[in-house]
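> pasted the sequence and its predicted model underneath.
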Amino acid sequence: MVVTGGSRGIGAAVALKAAAAGYAVLVNYAGNAAAAGSVVERIRQAGGTADSVRGDVGSEADVEAIFAAADAMGPLSALINNAGVFDQPSLLADMTAERLERTFRINILGSFLCARAAARRMAQSRGGQGGSIVNLTSAAAKLGAGGENIDYAASKGAIDTFTIGLARELAADGVRVTAVRPGIIDTDIHASGGRPDRVAQMTPNLPMRRPGTADEVAEAILWLVSDSASYSTGTILDVSGGRAILP
Ligand code: NAP
């Protein structure tokens, strides 16, 4: 299993649970080698198989290198398209083209490039054994995040559509494509968007009066990626504690 952005947050929780479930896991990261190394070390100490690889999912050359590293671990059976970025709150009128390009490049192009690499390996019509891809979308895709992060929200809207389209494209090829749609999850992503207090500030207004945990999202991902979800494809599973249950 390749987990993009597996060094921290939801990706790290997925990597740890997947290794415990028997997957050999490749932990991709962007820059935090220490965090990725710690995930790999925890997996190995528990008797699992894992390695890490640095790479920007928004770079075609880096994605090729990530999947070459995965090939060295054995045939690919699963991709968790988890790496994603979230910027400072801003009105569209004040957003730079550089910011928009970065958000779309990492969140959209990155997911496309990684899924392409996985499809080339897993599709039965290309000699693969089939497999499973889980994308990370967001409640923001439904809510729009106007006045805050519409670039992020729209990038996740693209992932919703991508999930449905790729699921249909690969359904007869033994590859299932699904997504989870987290709500407010207590990870570093909020601080990286310049708001370390965002989760605490939002908590009183969340339906369950608490944020979700990375482990709670990882549980849903592990189910979707597994054979237990064998007739689920194109499925987008809300894990938002009631935050994103609009039609
Ligand atoms: P996080 O704690 O900020 O961790 C982000 C991870 O992505 C890190 O492992 C980071 O690597 C990696 N990463 C960032 N840019 C990358 C790039 N260009 N190439 C490869 N890896 C990259 O994030 P998170 O909260 O776990 O979020 C994971 C996913 O869930 C994202 O797609 C996010 O949009 C989605 N999501 C999160 C929430 C939430 O409330 N947390 C809600 C909805 C959706 P380094 O450690 O090397 O920096």
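Good, I have the coordinates.
> correct me if wrong: residue 48 contacts residue 25.
Yes: judged on CB atoms under 8 Å, residue 48 makes contact with residue 25 at a distance of 7.2 Å. C-beta coordinates here come from the backbone N, C-alpha and C atoms, glycine included.
> who has more neighbours, these two?
In terms of neighbours (other CB atoms under 10 Å), residue 25 is the more surrounded of residue 48 and residue 25; the figures are 29 against 19.
> per-residue confidence, the more buried one, what does it come out as?
Per-residue pLDDT puts residue 25 at 99.
> so it sits against residue 3, correct?
Yes: the pair residue 25 / residue 3 is scored as a contact, 6.1 Å apart, by CB under 8 Å.
> joint contacts of those two?
Both residue 25 and residue 3 are in contact with 15, 18, where contact means CB atoms under 8 Å, 6 or more residues apart in numbering.
> quick one: name the residues of this structure near the ligand.
4-5, 7-11, 28-32, 35, 56-58, 82-85, 106, 136, 138, 182, 184-185, 187-189, 192 (CB under 6 Å from any ligand atom).
> count the residues that sit near residue 223.
Applying other CB under 10 Å, we find 15 other residues in the vicinity of residue 223.
> contact partners for the nearest residue to it once chain neighbours are set aside?
Leaving out its chain neighbours, the residue that sits closest to residue 223 by CB to CB, 6 or more residues apart in numbering is residue 229, at 5.7 Å. Neighbouring residues of residue 229 by CB under 8 Å, 6+ apart: 132, 176, 178, 223, 235.
> using the three-state scheme, assign the closest residue to the second one other than its chain neighbours.
By the measure of CB to CB, 6+ apart, the closest residue to residue 176 outside its immediate chain neighbours is residue 233, 4.1 Å from it. The three-state assignment at residue 233 reads coil, by DSSP: H, G, I helix; E, B strand; the rest coil.
> report the separation between residue 233 and the ligand.
To the ligand, residue 233 is 20 Å away according to CB to the nearest ligand atom, to the nearest Å.
> in this structure that residue contacts residue 173, no?
No: in this structure, residue 233 is not within contact of residue 173 by CB under 8 Å, at 10.7 Å.
> nearest spatial neighbour of residue 125, chain-adjacent residues omitted?
Spatial nearest neighbour of residue 125, excluding adjacent residues (CB to CB, 6+ apart): residue 173 at 5.4 Å.
> in the chain, what residue spans correspond to helices?
Under the criterion DSSP state H, the chain contains helices at 9-20, 33-45, 60-71, 97-104, 110-122, 140-143, 150-170, 189-192, 198-202, 214-225.
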